[in-house]
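In: Next input, structure requested:
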Amino acid sequence: MGCPDRRLHPTLEGHTDWVRSLAFAPHSIAYPGTVLLASGGTDHQIRLWNAATGECLQTLTGHSGWVHALAFSGDGQLLASGSGDGTLKFWDCRSWDCLATHRGHGDSVYSVAFSPTED
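Out: Now for the predicted structure:
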């Protein structure tokens with residue numbers, strides 16, 4: 001049994017080291033009509049991609065460790081990132097500014113998630 005979608009997709013090139021995490025946005029506020037994919041890597045960067053074309057739309061910097069985990073909020077307003085630097089960051093999905101950095105983990109943050117929201 002194979003993948004139901006057998007179309008070839010572009011290779012996403014831009015990280016300078018291993019990719020450790022991926023997350024699809026439920027919809028893109030900054031890039032309407034785009035299938036937005038976020039990737040986090042051992043190069044300490046988060047890259048935002050047009051998944052259909054392979055174009056890197058934005059690079060987010062601020063972590064000083066590997067980016068292990070990514071998650072978009074259900075409404076597509078926020079991106080959370082967890083890192084080997086022990087921080088959890090929240091990014092605004094319109095401006096891509098870092099809104100908050102939470103410190104206090106004794107070690108790497110390997111997982112992030114948002115609580116489901118009611119419609």
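In: Quickly note the distance from the most centrally placed residue in the chain to residue 53.
Out: Relative to the mean C-alpha position of the chain, the nearest C-alpha, by CA atoms, centre = their mean, is the one of residue 38, at 3.3 Å. Residue 38 is 16 Å from residue 53, where distance means CB to CB, to the nearest Å. To be clear about C-beta, it is placed using only N, CA and C from the backbone, and glycine gets the same treatment.
In: Same check on residue 23?
Out: From residue 23 to residue 53 the distance is 18 Å (CB to CB).
In: what's the answer for residue 40, then?
Out: Residue 40 is 20 Å from residue 53, by CB to CB.
In: how deep is the closest residue in space to residue 114 that isn't next to it in sequence tucked in, by neighbour count?
Out: Excluding the flanking residues, the one nearest residue 114 by CB to CB, 6 or more residues apart in numbering is residue 73, at 4.6 Å. Around residue 73 there are 17 other residues, counting by other CB atoms under 10 Å.
In: can you tell me which residues contact residue 73?
Out: 79-80, 114, 117 (CB atoms under 8 Å, 6 or more residues apart in numbering).
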